[in-house]
Structures are given as C-alpha cells and as structure tokens.
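A.B. asks: quick one, what's the 3D model for this:
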Amino acid sequence: MPATTSPADLYRHSLRLLLDKDIPAWVGLWADDGVMEFPFAPTGWPARLEGREAIADYMRHYPDHIDLHDFPDLRIHETTDAGTIVVEMRGVGRTVETGGVFDMTYIAVVTVQDGRFTSYRDYWNPLAVQAPGVDFTGTSAR
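C.D. replies: Residues are numbered from 1 along each chain as shown. Prediction:
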C-alpha cells in the first residue's frame, strides 16, 4: 500500500489479509523495527515483539490454529495524532484443532508511519486462550 494510505485504510487492508490467511503480506505491512505489544498477555505468552522478524515468527502459524471468518463490530477511532488510531473489534471463526468457536474481543492502539505499522498495542482478551486448541503461538505455559 502506498505511504499516503490512512492508518484506518491500512488497518482495514490488514484485516482482509488475515481473513485471506496471507500472513506474509500481513507481515509486509510492518516497519522493520515495528513493535507489537500485548499488555494483557498471560504468563507464558509474549508481552512484546520487537521487529518485523519477531512479529513474522509469532504470526507464521496463526492460520494453522485459528480459522478467522470475520471481524464484526469493527470501529476505528481517529486520534489527535494523525498516525495513531484506536480500534475496537471482534475476531470470529473457529479453532482448527477442535473446530470450536473462536470469538475474541480486541482493543488496539495502532501507530502508522510512512505507510507501515510501527506500533501495535493489542489489548486482547486473555481468557480466550485458556480454551482448548487455542495455543496458536506455541508459547503458552500449558
């Protein structure tokens, strides 16, 4: 996407890539030194990923564990910083291992610079990873 793309448009594009299970393209939206943080990460899960390579490693097998179908209830809020948005949404689908329902709520604070994600603080619901078959990073303490 061009550097002139708005943060909201870049974010919407990133969701389409996740639904298409195109993780390499999704990772390609990140700055080389981008940082992804999970302030509510439970023990044993990563709280901070530094750099595109670490983010790629974390997301590499995501579609093997979570089959996303939709992001309903998407609300993107602009902030006083033109490069930062706040996102409210749900991710719904199924867990691949069990076929069970996947329904995760998120609030994210996302910063974009020069058409790339530079910071992404993902306030996801840590209770959802306690369900069987949701260890999509391979890093949980179970």
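A.B. asks: could you identify the helix or strand that succeeds the helix-or-strand element of the chain with minimal mean pLDDT?
C.D. replies: When each helix and strand of the chain is scored by mean pLDDT, DSSP states H and E, helix 62-65 comes last, with a mean of 90. Next helix or strand after helix 62-65 toward the C-terminus (DSSP states H and E): strand 66-70.
A.B. asks: how about the contacts made by the residue nearest the centre of the chain?
C.D. replies: When C-alpha atoms, centre = their mean is applied to the chain, the residue found nearest the centroid is residue 122 (6.9 Å). Residue 122 makes contact with 36-38, 106, 108, according to C-beta atoms under 8 Å, 6 or more residues apart in numbering. Where you see a C-beta, it was placed from the backbone N, CA and C, and this is true even at glycine.
A.B. asks: got the contact list for stretch 93-108?
C.D. replies: 63-70, 86-92, 120-125, 128, 131-134.
A.B. asks: what residues of that stretch count as buried?
C.D. replies: 93-96, 102, 104, 106-108 (16 or more other C-beta atoms under 10 Å).
A.B. asks: need those in TSV (columns: secondary structure).
C.D. replies: Listed next are the buried residues of stretch 93-108 as TSV, based on DSSP: H, G, I helix; E, B strand; the rest coil:
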residue	secondary structure
93	strand
94	strand
95	strand
96	coil
102	strand
104	strand
106	strand
107	strand
108	strand
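A.B. asks: now these in a markdown table, with pLDDT and distance to residue 17?
C.D. replies: Shown next, in a markdown table, are these (pLDDT from 0 to 100; distance: C-beta to C-beta, whole Å):
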| residue | pLDDT | distance to residue 17 |
| --- | --- | --- |
| 93 | 94 | 15 |
| 94 | 93 | 19 |
| 95 | 88 | 20 |
| 96 | 91 | 18 |
| 102 | 88 | 18 |
| 104 | 89 | 17 |
| 106 | 92 | 16 |
| 107 | 97 | 20 |
| 108 | 98 | 15 |
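A.B. asks: cool, thanks, talk later.
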